[in-house]
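Peer 1: Let me see the structure of the following:
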Amino acid sequence: MVVRDCVSWNTVVCGYLQLGLFDEAISLFREMIKEFMPDLLTITSVLRACSHLRDLGLAKYVHGYMKRSGFEFDTMANNIVIDMYSKCGSLLASREVFDYMECRDSVSWNSMINGYFLDGCFDEGFNLFKMMRSNEKPDSVSCVMILSIYTQLRQVDQGKMIHCDIVKLGFDSDIVVNNVLVDLYAKCGKLQDALKVFDSMTARDIVTWNSIISACFHNEECSLGLRMVLRMRNERVMPDVATMLGILPVCSLLAAKQKGQEIHGCIFRLGYHSDVPVGNALIEMYSSCGSLETSIRVFEQMCIKDVVTWTSLISAYGTYGEGEKALIAFLEMEATGVLPDHLAFLAIIYACSHSGLVEQGLAYFDWMRKHYNLEPQMEHYACVVDLLSRSGLLAQAEDFIHSMPIKADASNWGSLLSACHEAGEEEMAGRISEQVVEFNSYDTGYHVLVSNVYAALGKWDKVRMMRKYMKAKGLKKDPAFSWMEI
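Peer 2: Numbers count the residues shown, from 1 in each chain. Next up, the predicted model:
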C-alpha cells in the first residue's frame, strides 16, 4: 500500500495477532505508533500478545505507552493488564492495577486469584477469594479455579465446602463444575462421592466419562471401571483418545486380554492407532496380559516411537526374561536418536536383573551417570541390589547398599533379605533382618519375611515379638492370587 491509515495498521496488527504471530505483531505495533494512534481493540490485543510471550519488559512498555497516550482504562482493559502482568511473573504489578481499579467484576477477581495460583502463592489466592465473596458473587469460573487448586493440594474437606457454595449459588447443573467435582473427589480417594456427583448429573460429556473411568482405575475399582465403559457405550457417547488411555491400564491391571483386544479393535475403527501414547499403552497392556508377541507387533507397526515406546518394549522383554533382546532394543533406541530417561535405564537394569546379566546391568547403571548425566534415584539403587541378589552376589549387594550416597530404604534391604533367605544364608539374613525392622514399615510382606527368617534361626521369642507387632499395627497378610484371562 502506498498510503496507509490508522485502520490499515490496526487491521494488519490484529490479523497477525489472530494468527498467533505475536513477535511480528509487536514489531508492527512499534512501527505503527511512530505515526498513528492505535485503537482500543488493537492495544488490548497487543496486551494479550505480551501475555503469550511472557515478556515483562515488553508488557511494561505497552502499559506505559497506554498511560502516556491517555487511554481510558475501563474494567475490561484493566482485567487484561492484570492477566498480562500475572503471566509475565509480576504479581506486584498485577496487584497494583487491581487495587487501583474503581470498578471490579468477577473477571478482575478471578484474574488476580489465578495469578497467585500460577505463582504458587496459594494462601494469598485463597485469602483474596474470601475477600471476593464479601464483595462480589463468585461465578462458575471462580468455583472451577478454586476446586482445581484443592484437587492439586488434595484438600478434599475444603473442596466440600466449595461444593456446598456451588449448590447454594445454583452452579450444580453446570457440566464443567461437576466435572471438576468428580475429579476432586476421585483424586482425593473419595470414589463414592465422585460417583454421587456423576449420577446426579443430568448431562455428561466425554470429560465426565473419562474422569469417572480414570477414577475407578486409580481407586483400584477396575470392574466398576469396565462397567462404566459399557454404560458409556450404551449411552452412545463416542470415546476419545483420553478414554482409551483410561481403559487400557484397567485391562493391564486385570490381565483382561479379551477386553483389551476389543478396545484395540475400537481404537482401529476410530483411527486412534497412530496416536503414540495409545500405542505405548497397548504395548504395556499386551505385555501384562501374557502376549509378548503382540506387544512386539504393536511396536513394529508404530510409525513414531518416543522414549516411552522404547521403554515399554524394553520393560516387556525384561518381564519375560528376554534380557538379551532388551539390550538390543536399548541400543536401537540410542541409534535412532531417542535419548533414554530415568525410566528407560530402570527398565534395562530390571531386564538385566531378570536375566542374570549382572555385568551389563552394572554397566548401564554407570552409563546413565557418566554418559547421560542422569543421577540414579532410589528405584535404580533398589534394582541394582535386586540384580546382585538374584545372581547370588549377596556380599556384593550388601556392600553396594552401604556405599549408596542416599540412605537405603526398606525395599533395598528387603530385596537382599529375601535373596539371603532363599539361598539359605540364615546368619546374614538374621543380620539384615535387624535393618529391615528399623524402618518400621507398614509393608506386611517385610514383616512376614523377617518372621520367617527368625523362625529358621530358631529365635522364637523374636518370632512372637514380630507377630505381636503386626497385630498391634493391624497388619495382615493378604492371601496371594494369580489371575489371567485365557
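Peer 1: So what touches stretch 205-222?
Peer 2: Counting contacts by C-beta atoms under 8 Å, 6 or more residues apart in numbering, the residues outside stretch 205-222 that touch it are 175, 178-179, 182-183, 185-187, 189, 191, 194-195, 198, 201, 224-225, 228-229, 232, 237-240, 242-243, 246-247, 249-250, 253-254. In short, each C-beta sits where N, CA and C put it, glycine included.
Peer 1: Is residue 248 in contact with residue 262, as I believe?
Peer 2: No - Residue 248 is beyond contact range of residue 262, at 11.2 Å (criterion: C-beta atoms under 8 Å).
Peer 1: Look at those two and report which has more neighbours.
Peer 2: Comparing residue 248 with residue 262 by other C-beta atoms under 10 Å, the one with more neighbours is residue 248, at 26 against 14.
Peer 1: Next one, pLDDT for the more buried one please.
Peer 2: Note for residue 248: predicted pLDDT of 90.
Peer 1: Now it: which helix or strand?
Peer 2: Assigned by DSSP states H and E, residue 248 belongs to helix 241-254.
Peer 1: and the next helix or strand along the chain from that helix, what's its mean pLDDT?
Peer 2: Next along the chain after helix 241-254, taking DSSP H and E as the criterion, comes helix 257-270. Mean pLDDT, computed over helix 257-270, is 89.
Peer 1: what sits up against helix 257-270?
Peer 2: If you take C-beta under 8 Å, 6+ apart as the criterion, helix 257-270 is touched by 226, 238-239, 244, 247-248, 251-252, 273, 278, 282, 285-286, 289-291, 484-485.
Peer 1: Take it, keep the C-alpha atoms, and write them as CSV.
Peer 2: What follows is helix 257-270, C-alpha atoms only, in CSV (Å, rounded to 0.1, in the frame of the first residue of the first chain):
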residue,chain,number,x,y,z
LYS,A,257,-6.7,-59.8,27.3
GLN,A,258,-10.1,-60.3,25.6
LYS,A,259,-11.4,-56.9,26.8
GLY,A,260,-8.1,-55.3,25.7
GLN,A,261,-8.4,-56.8,22.2
GLU,A,262,-12.0,-55.4,22.0
ILE,A,263,-10.6,-52.0,22.9
HIS,A,264,-7.8,-52.4,20.4
GLY,A,265,-10.4,-53.1,17.7
CYS,A,266,-12.3,-50.0,18.7
ILE,A,267,-9.1,-48.0,18.5
PHE,A,268,-8.6,-49.1,14.9
ARG,A,269,-12.2,-48.3,13.9
LEU,A,270,-11.9,-44.8,15.4
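Peer 1: And the next helix or strand past it?
Peer 2: Counting by DSSP H and E, the next helix or strand C-terminal to helix 257-270 is helix 276-288.
Peer 1: and the next helix or strand after that following helix with helix 257-270, angle?
Peer 2: Downstream of helix 276-288, the next assigned helix or strand under DSSP H and E is helix 292-301. Helix 292-301 runs at 20 degrees relative to helix 257-270, counting by axes from the mean of the first three to the mean of the last three C-alpha atoms, to 10 degrees.
Peer 1: What residues of helix 292-301 count as buried?
Peer 2: For helix 292-301, burial by neighbour count (16 or more other C-beta atoms under 10 Å) applies to 292, 294, 295, 296, 298, 299.
Peer 1: Stretch 57-74 too?
Peer 2: Buried-residue list, stretch 57-74, by 16+ other C-beta under 10 Å: 58, 59, 60, 62, 63, 65, 66, 71, 73.
Peer 1: can you map out the strands along the protein?
Peer 2: For the chain, strands defined by DSSP state E do not occur.
Peer 1: hmm, back to that, are any of the contacts of stretch 205-222 buried, and which?
Peer 2: The neighbour count (16+ other C-beta under 10 Å) marks 178-179, 182-183, 185-187, 191, 194-195, 198, 201, 224-225, 228-229, 232, 237, 239, 242-243, 246-247, 249-250, 254 as buried among those.
Peer 1: Just the ones in helices from those, please.
Peer 2: 178-179, 182-183, 185-187, 191, 194-195, 198, 224-225, 228-229, 232, 242-243, 246-247, 249-250, 254 (DSSP state H).
Peer 1: Between the buried residues of stretch 57-74, which sits nearest residue 35?
Peer 2: Distance to residue 35 across those (C-beta to C-beta) is lowest for residue 65, with 14.1 Å.
Peer 1: Distance check, that closest one against residue 333.
Peer 2: Applying C-beta to C-beta, to the nearest Å, the value for residue 65 to residue 333 is 52 Å.
Peer 1: again, but for residue 428
Peer 2: Residue 428 sits 38 Å away from residue 333, going by C-beta to C-beta.
Peer 1: If you count surrounding residues, which of the two has more?
Peer 2: Between residue 428 and residue 333, counted using other C-beta under 10 Å, residue 333 has the larger neighbour count: 22 against 19.
Peer 1: how much space between the closest residue to that one other than its chain neighbours and residue 252?
Peer 2: Distances taken as C-beta to C-beta, 6 or more residues apart in numbering put residue 310 closest to residue 333, at 4.0 Å, once the chain neighbours are dropped. Residue 310 is 18 Å from residue 252, where distance means C-beta to C-beta.
Peer 1: Looking only at neighbour counts, state which of these two leads.
Peer 2: Higher neighbour count among residue 310 and residue 252: residue 310, with 24 against 21, using other C-beta under 10 Å.
Peer 1: how about that one, what does it touch?
Peer 2: Residue 310 makes contact with 329, 330, 332, 333, 338, 340, 344, according to C-beta under 8 Å, 6+ apart.
Peer 1: Tell me which residues touch residue 130, please.
Peer 2: Not one residue lies near residue 130 by C-beta under 8 Å, 6+ apart.
Peer 1: Could you tell me the model confidence score at it?
Peer 2: Confidence score, pLDDT, at residue 130: 89.
Peer 1: i'd like the first residue to be 615 from this point on
Peer 2: Sounds good: first residue 615 from here, last item residue 744.
Peer 1: and the gap between the closest residue to residue 723 other than its chain neighbours and residue 660?
Peer 2: Of all residues not flanking residue 723 in the chain, residue 746 sits nearest, at 4.3 Å (C-beta to C-beta, 6+ apart). Between residue 746 and residue 660 the computed distance is 28 Å (C-beta to C-beta).
Peer 1: okay, the two: which has more neighbours?
Peer 2: Taking other C-beta under 10 Å, residue 746 and residue 660 do not tie; residue 660 has more neighbours (28 against 20).
Peer 1: ok, the more buried one touching residue 647?
Peer 2: No - if you go by C-beta under 8 Å, residue 660 and residue 647 don't touch, sitting 9.8 Å apart.
Peer 1: Read off the pLDDT value for the residue nearest the centre of the chain.
Peer 2: The chain has residue 766 as the residue nearest its centroid, 10.8 Å off, counting by C-alpha atoms, centre = their mean. Looking at residue 766, its pLDDT reads 90.
Peer 1: Residue 924 too?
Peer 2: pLDDT, residue 924: 96.
Peer 1: re the thing from before, residue 1026: which of the contacts of residue 924 is nearest?
Peer 2: residue 958 (21.4 Å).
Peer 1: residues in contact with residue 959?
Peer 2: Neighbouring residues of residue 959 by C-beta under 8 Å, 6+ apart: 978, 979, 981, 982, 986, 988, 990, 994.
Peer 1: Would you format those as TSV with pLDDT, distance to residue 714 and neighbour count included?
Peer 2: Putting these into TSV (pLDDT from 0 to 100; distance: C-beta to C-beta, whole Å; neighbours: other C-beta atoms under 10 Å) gives the following:
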residue	pLDDT	distance to residue 714	neighbour count
978	93	59	25
979	92	59	20
981	91	58	16
982	92	54	21
986	89	51	15
988	91	49	17
990	91	52	20
994	91	54	20
